[in-house]
Structures are given as structure tokens and as C-alpha cells.
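1. generate coordinates for the sequence data below:
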Amino acid sequence: QVQLAESGGGSVQAGGSLRLSCAASGFTYRSYCTAWFRQAPGKEREGVARINGYGATSYADTVKGRFTISRDNAKNTLYLQMNMLKPEDTGMYYCATRGFDCYWDHKDYPYWGQGTQVTVSS
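-> Next up is the predicted model:
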């Protein structure tokens, strides 16, 4: 049974940093695409960063240069390092996984964590 559990969210001021973690069980990250999505109140869920089975990464333009996705295969844990945070980064952050290849549409991901809240104040 695939399970994902996010942690590391919190409240920070603009310009600050947070590192999110997503612990997985029931599958191994290195064989699948895993991604971070976020959702602000009243907005659609959007892709932030993703890493495919080969370890190739992609980022949304809004976070490129500020966020870094990585994974520790030994710990079966996915990370999202978020630097230079902005108020518009505020939202619930989710990790999700699917097959080997990655897509940006959240509807392509069958497995989700419960989310962790990130709040950035100006």
C-alpha cells in the first residue's frame, strides 16, 4: 500500500527558507515520478517541482532558482528545499507519485500525501 507523509511546513517571513520532507512507504522513489504540488485557498492545485525515475528534475517557472527537489533513496524520502520564499508561495504543499514518467497535471497522480501548510508573511 502506497503511503506518503509530508512534514516540515510552517510560517516564515518573506525571504526565509523551509525544507519539506515526504516519507514514502509501499514503493521505492527511484522507480517512480514524484512531485510537489501546492494549493492556495480558492486556487487550483499547481505543480511546483518534480523528479522522474531517472532523477531528472523540472520546476515551475514561478519557483525556478529558488526551490530544489531532491530525494534520498536510502531513506526513501523526498525533499523540497525552498529558499527566498515569497507571500505568493503560501499554500498547502502536497507530495504525489505516479508511474515512471512525470506530468504537471495533478489529475495524473493517483497517490497523495495529506499535505503540509506553508505560510509566508510579508
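2. all strands for the chain, in order.
-> 3-7, 10-13, 18-25, 34-39, 46-51, 57-59, 67-72, 77-82, 91-97, 111-112, 116-121 (DSSP state E).
3. quick one: the most centrally placed residue in the chain from Met84, how far?
-> The residue lying closest to the centre of the chain (CA atoms, centre = their mean) is Trp36, at 2.1 Å. To Met84, Trp36 is 16 Å away according to CB to CB, to the nearest Å. Bear in mind the C-beta positions are built from the backbone N, C-alpha and C, glycine included.
4. I'd guessed Ala5 sits against Gly115; true?
-> No: the criterion here is CB atoms under 8 Å, and Ala5 misses it with Gly115 at 10.2 Å.
5. CSV please, covering the strands of the chain and showing mean pLDDT.
-> Formatted as CSV, these follow (pLDDT from 0 to 100):
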stretch, mean pLDDT
strand 3-7, 96
strand 10-13, 98
strand 18-25, 96
strand 34-39, 97
strand 46-51, 97
strand 57-59, 97
strand 67-72, 96
strand 77-82, 97
strand 91-97, 97
strand 111-112, 96
strand 116-121, 98
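6. could you dump the ones you listed to TSV with distance to Tyr103?
-> Listed next are the strands of the chain as TSV, based on distance: least, CB to CB, whole Å:
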stretch	distance to Tyr103
strand 3-7	17
strand 10-13	29
strand 18-25	18
strand 34-39	8
strand 46-51	8
strand 57-59	10
strand 67-72	15
strand 77-82	17
strand 91-97	10
strand 111-112	14
strand 116-121	22
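7. quick one: closest of the ones you listed to Asp105.
-> Evaluated over these, closeness to Asp105 peaks at strand 46-51, with 7.8 Å, by CB to CB.
8. could you check the angle strand 91-97 makes with that closest one?
-> For strand 46-51 and strand 91-97, the angle between their directions (axes from the mean of the first three to the mean of the last three CA atoms, to 10 degrees) works out to 40 degrees.
9. buried residues, strand 46-51. List them.
-> Neighbour-count burial for strand 46-51 flags 47-51 (criterion: 16 or more other CB atoms under 10 Å).
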